[in-house]
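Chemist: no FASTA, just this:
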């Protein structure tokens, strides 16, 4: 039986945060921190806490140089590496690290690099950060002292308490290793305690006893000196686990972190989206409203693509289907095993959707809810087929002959591929969030549909009614 915890009881058992004191110390320390901040996003949901920043969808030298020259201190590179094989992600991260190091030297600009991963701990870890470390050390004279692990993401209900990572479901905290996310066929894991998770993922290269833990007690006491001292002791790419239940916990840690960096320490980061907002010093803003997003309204409907197979997405789709004004099309992705039938299915779905959107009806294309399962030991082959399915879905968007009023993509890999291969975005601006943890891009002029509001809806975020609420907001 899964042991769960009462969220409110745990949250209330810790000292409250002195917000005014936190902000005062943060402003004092943050003003002197001028590093360029580069976020490598393994799917497009990493911008779910920020606004007014650039997202680039390639990582050639010119793009990274543009990011360094961008007036904003922080920029994102969408790698979409969660959809990559291990070999692909290794090559991409080595290329990026080498180019970043080269441009940093040319411009005389120090940088901080963040590997933004899933708040439920899925993804190519520890591969990505290890490759970054190796490439940085090979191309510079410096050593990377440590790696910070900070998967807290309040909007998605991901809290780290007593070094254990939890997923909040209603008013209950469930250890992350007991959730459906931990059973991911490609990136699954067993441990919920982050020290044990590190030991599991690194196959014992780093033991849980060797990990440095930044406790909630020291954060809530605002023990800046103590936390700095902990960070100064980290060497040999040692792991640092940060507990957090509130954004200000992250701000307290980040204050101490900057002081440690200014004392000569060097870190790489594997974090969820909360840390990128805090370290980037990005303000909070109200949720986006329809009139801010749809400025060139046409008589066309919107287009919604649902690809994620997690249970939360399926529940949200069921709730969305209660809206009788929408048109729903099921895309039989299992036909991928029959090339000709699959090609015909893609054409059928696209033509039907085009006709409906042109008539002013918002249309929802959703993949068959049962995941394609080839059996044990076939994870790599399944990943390849999922790429073929995703390519087919994105071709529907790329070849779409009607400009929709807006576009929503549900699921991390789905939204990345729709953005890069369907909408052909090279650079987008993050407008903000339309619901907690759900970002909106404004596409660039090079896009298939320039300046369209593109809603990136993570598969594992929101309540059952959130997708429906987002659609209703955009429908007006």
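Modeler: Perfect, thanks for sending it. All figures in this text were calculated on a predicted structure; none of them were measured in a lab. Numbers count the residues shown, from 1 in each chain.
Chemist: count the neighbours of residue 417 for me.
Modeler: By other C-beta atoms under 10 Å, the residues close to residue 417 number 28. No exception for glycine: its C-beta is placed from N, CA and C like everyone else's.
Chemist: the one 3 residues further on too?
Modeler: As a burial measure, residue 420 scores 18 neighbours (other C-beta under 10 Å).
Chemist: and for the one 4 residues further on?
Modeler: Around residue 424 there are 17 other residues, counting by other C-beta under 10 Å.
Chemist: same check, this time on residue 402
Modeler: If you count neighbours by other C-beta under 10 Å, residue 402 ends up with 17.
Chemist: for it, what are its contacts?
Modeler: Residue 402 sits next to 300, 354, 357-358 when contact means C-beta atoms under 8 Å, 6 or more residues apart in numbering.
Chemist: what's the pLDDT at it?
Modeler: For residue 402, the pLDDT comes out at 96.
Chemist: next, residue 125: phi, psi?
Modeler: phi -120, psi 140 (degrees, to the nearest 10).
Chemist: for residue 17, pull up the helix or strand it's in.
Modeler: Using DSSP states H and E, residue 17 falls within no helix or strand.
Chemist: cool, residue 166 as well?
Modeler: Taking DSSP H and E as the definition, one finds residue 166 inside strand 164-169.
Chemist: elements contacting the longest helix belonging to the chain?
Modeler: Counting residues, the longest helix in the chain under DSSP state H turns out to be helix 86-107. Judged by 3 or more C-beta pairs under 8 Å, 6 or more residues apart in numbering; DSSP states H and E, the packing partners of helix 86-107 are strand 36-41, helix 61-69, strand 111-116, helix 127-138.
Chemist: tell me which helix or strand comes right after the last one.
Modeler: Heading C-terminal from helix 127-138, the first helix or strand you meet, by DSSP H and E, is strand 146-150.
Chemist: before we move on, back to that, among the contacts of residue 402, who's most crowded?
Modeler: Neighbour max across those (other C-beta under 10 Å) = residue 357, 23 neighbours.
Chemist: which positions in the helix or strand harbouring it come out as buried?
Modeler: Residue 357 belongs to helix 339-358 when assigned by DSSP H and E. Buried residues in helix 339-358, counted by 16 or more other C-beta atoms under 10 Å: 342, 345-346, 349-350, 353-354, 356-358.
Chemist: the strands in the stretch 301-450 of the chain, which residues?
Modeler: Along the stretch 301-450 of the chain, the stretches classed as strands by DSSP state E, counting those that start in this stretch are 303-306, 327-331, 363-367, 407-410, 427-435, 438-442.
Chemist: next one: the fourth one to chain centre, how far?
Modeler: Its chain's C-alpha centre and that of strand 407-410 lie 15 Å apart, by C-alpha atoms, centre = their mean, to the nearest Å.
Chemist: who's in contact with that strand?
Modeler: With C-beta under 8 Å, 6+ apart as the criterion, strand 407-410 contacts 302-308, 313, 316-317, 397, 415, 418-419, 423, 449, 452-457, 459, 467, 470-471, 474.
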